[in-house]
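Q: how does the following fold in three dimensions:
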Amino acid sequence: MTVSVASGIVRPGDRVVARISGAVPKRPLVLFLRAYPLVGTRPHRVGRVRPNAKGRAQLVFRLPRLAADVYRPWLRLGRTFVPGRGRLSVAALPPTGFGPPGAPGCAPASPRNEQPTSSGLSEVFGTSAGTQFWALPFATLESGSAATLSGVVGSGDTKIVFKMTSGVPQTFYAVAPDGTRVAPAWIEAHGSSNWNRPGAEWGAGFVFDQAGCWRIHAGAVPHSGDIWFAILS
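A: Here you go, the predicted structure:
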């Protein structure tokens, strides 16, 4: 018996199709989604289906509101769970107090909270799937709800602290407005922190040598995220 979904990025409310084959004809099955890896996760029931005489079935459901993570389909037959194929990377939704997610060309730039943290710094929420991605820049942010920086061009490396719920990524770089890929000037993992956001934390320095829209990318599919900074000066 097999169950599969098409791998990709999904959002709560999206239409998802699960296809089942090799099942016992006419015997009801219950479909679940479960975060992967499985340690400490619980299954989320999404529907029930009865295979046809050939043991096949198709279940169409709307994705429930799930935390940003990677989910796989699972079937339950009695007390037996059968893992399926395909991975759904659930997009992270901006929390209360943040604007819409950042997009290419900084249209818009990534959202930030206008109320600073206890350290006096503003948090920036990344556009991500399968994970949450956060940034805490040690730089001057212009007033407003978007991640707009000033005074960083030509000032050496700018320190930014990051958090990612899928762990410190192996893929991590910036893309300048002219399309050049820029590696961090330095990077260091943080063992402890008083920054009250979920995920593994690390610090990095980037040299912003031109004004415009900068993209900082972290992770790889199925866990990946981008933060879009509008650099004014």
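
Q: quick check on residue 53: phi, psi?
A: phi -70, psi -20 (degrees, to the nearest 10).

Q: report how many residues lie close to it.
A: 7 (other Cβ atoms under 10 Å). All C-beta spots, glycine's among them, are computed from the backbone N, C-alpha and C.

Q: ditto for residue 43
A: Count around residue 43 with other Cβ under 10 Å applied: 16.

Q: surely it and residue 36 touch.
A: No - contact criterion Cβ atoms under 8 Å: residue 43 and residue 36 do not qualify, at 11.4 Å.

Q: from residue 78, how far off is the residue of the chain most remote from its centre?
A: In the chain, the residue that sits farthest from the middle, by Cα atoms, centre = their mean, is residue 53; the gap is 40.1 Å. Using Cβ to Cβ, to the nearest Å, residue 53 is found at 20 Å from residue 78.

Q: distance of residue 222 from residue 151?
A: 37 Å.

Q: picking that back up, so what's the residue farthest from the centre of the chain up against?
A: 25-26 (Cβ atoms under 8 Å, 6 or more residues apart in numbering).

Q: who does the lowest-mean-pLDDT helix or strand in the chain pair up with?
A: Within the chain, no helix or strand scores below strand 140-141, which has a mean of 82 by mean pLDDT, DSSP states H and E. Using DSSP bridges, the strands paired with strand 140-141 are strand 148-150 (antiparallel).

Q: so residue 17 versus residue 204, what's the distance?
A: Applying Cβ to Cβ to residue 17 and residue 204 gives a distance of 40 Å.

Q: out of these two, which sits in the busier spot?
A: residue 204 (22 against 11).

Q: what about the strand or helix carrying that one, distance to the chain center?
A: Element membership of residue 204 [criterion: DSSP states H and E] is strand 200-207. Chain-centre distance of strand 200-207: 18 Å, with Cα atoms, centre = their mean, to the nearest Å.

Q: quick check: angle from the following helix or strand past it to strand 200-207?
A: Sequence-wise, the next helix or strand downstream of strand 200-207 (DSSP H and E) is strand 212-220. In terms of direction (axes from the mean of the first three to the mean of the last three Cα atoms, to 10 degrees), strand 212-220 departs from strand 200-207 by 140 degrees.

Q: what's stretch 13-26 in contact with?
A: 1-6, 10, 29, 31, 46-47, 49-63, 73, 75, 77, 84, 88.

Q: for it, the distance to its chain's centre please.
A: For stretch 13-26, the distance to the chain centre is 26 Å (Cα atoms, centre = their mean).

Q: same deal with stretch 101-113?
A: On Cα atoms, centre = their mean, the centre of stretch 101-113 falls 15 Å from the chain's centre.
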